[in-house]
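Asks: pasting the structure only:
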């Protein structure tokens, strides 16, 4: 069995395929752990200058594995893995690009707010149905979304739960570029451009632009706490059970 997320390394660029341990377009506990480990190692690897996140063919990521939320015995390890992955991503010191071709849902969408550039195919869609599930947003997007989309755009996106087209997402500011054709090659092209830059100046400029990440880590902890509280609510659990059955 292949272990996911899979990685490739080309020309100072680490390419990470976002998927579950068994190759589904979702993130389960082991995938969160794997992603955190990959980013921890990439942060201190001098050969890695840029990271590119991509999904499986025709789908970026459909979110978390809801079946794990329904098993209370997995909550402690799952919450620890999710927290570690989000904190690692929030404090990662090198450029991260996303190559989105297809659906980006839930955490498969909120992870994009930590990317410096999001290159998407013209057929990609974006949706964050947390409120519909009785949950709050994750990955410090309660800070990052208003910064990137503006308050009104963030409220519409998260509270209405609308599905955005690639063009809608570009106009709001979530997507950097829309590509008709080979979106992965376009993303790798941008990665090659960045990898050729004077590396110290690139990292210093990115660090100045991003500012203090401490508030993001604090917000990640707050969101996770609210998420855990929601998992104790019977109505929310029943809602998640229905969603998990539909996804099975």
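Replies: Thanks, I have it. All values reported here derive from a predicted model rather than from experimental measurement.
Asks: alpha carbons only for contacts and neighbour counts from here, please
Replies: Fine.
Asks: strands of this protein, start to end?
Replies: 7-10, 13-17, 50-54, 59-61, 96-100, 103-105, 117-121, 125-127, 164-165, 177-179 (DSSP state E).
Asks: okay, buried residues for the fourth one please.
Replies: Of the residues in strand 59-61, those scored as buried under the neighbour-count criterion (16 or more other CA atoms under 10 Å) are 59-61.
Asks: again with the fifth one
Replies: Under the neighbour-count criterion of 16+ other CA under 10 Å, strand 96-100 has 96-100 buried.
Asks: by contact count, what packs against that strand?
Replies: Helices and strands touching strand 96-100, by 3 or more CA pairs under 8 Å, 6 or more residues apart in numbering; DSSP states H and E, are strand 50-54, strand 59-61, strand 117-121, helix 183-195.
Asks: also the shortest one?
Replies: Helices and strands in packing contact with strand 164-165 are listed as strand 125-127; criterion 3+ CA pairs under 8 Å, 6+ apart.
Asks: give the contact list for the spatially most central residue of the chain.
Replies: In the chain, the C-alpha nearest the mean C-alpha coordinate belongs to residue 111, at 1.6 Å (CA atoms, centre = their mean). Going by CA atoms under 8 Å, 6 or more residues apart in numbering, residue 111 touches residue 139.
Asks: gap between it and residue 160?
Replies: 19 Å (CA to CA, to the nearest Å).
Asks: before we move on, what about residue 64?
Replies: Taken as CA to CA, the span from residue 64 to residue 160 is 20 Å.
Asks: and the helices in the chain?
Replies: 29-44, 66-69, 75-90, 107-110, 141-155, 166-172, 183-195, 199-210, 214-230, 234-247 (DSSP state H).
Asks: most packed of these?
Replies: helix 107-110 (a mean of 23; mean count of other CA atoms under 10 Å).
Asks: contacts for that one next, please.
Replies: Contacts of helix 107-110 (CA under 8 Å, 6+ apart): 26, 60-64, 126-128, 137-139, 141.
Asks: could I get the residues you listed as TSV with pLDDT and distance to residue 164?
Replies: Output for the contacts of helix 107-110, formatted as TSV (pLDDT from 0 to 100; distance: CA to CA, whole Å):
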residue	pLDDT	distance to residue 164
26	93	19
60	97	14
61	97	15
62	95	14
63	94	16
64	91	19
126	98	5
127	97	6
128	97	10
137	94	17
138	95	18
139	96	19
141	97	17
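Asks: low pLDDT regions in this structure?
Replies: 1-4, 247-248 (pLDDT under 70).
Asks: please redo it, this time with the cut-off set to 50
Replies: Scanning the chain for pLDDT under 50 picks out 1-2.
Asks: contact partners for residue 164?
Replies: 125-127.
Asks: ok, 6 Å please
Replies: 125-126 (CA atoms under 6 Å, 6 or more residues apart in numbering).
Asks: that one pairs with what?
Replies: Applying DSSP bridges to residue 164 gives these bridge partners: residue 126.
Asks: equivalent analysis for residue 119, please.
Replies: Taking DSSP bridges as the rule, residue 119 bridges to residue 99, residue 177.
Asks: number of residues surrounding it?
Replies: 25 (other CA atoms under 10 Å).
Asks: quick one, what contacts it?
Replies: Taking CA under 6 Å, 6+ apart, one finds 99, 176-178 in contact with residue 119.
Asks: buried ones among those?
Replies: Buried among the contacts of residue 119 by 16+ other CA under 10 Å: 99, 176-178.
Asks: tell me how far the residue nearest to the centre of the chain lies from residue 125.
Replies: From residue 111 to residue 125 the distance is 14 Å (CA to CA).
Asks: can you check residue 154 too?
Replies: For residue 154 relative to residue 125 (CA to CA), the value is 16 Å.
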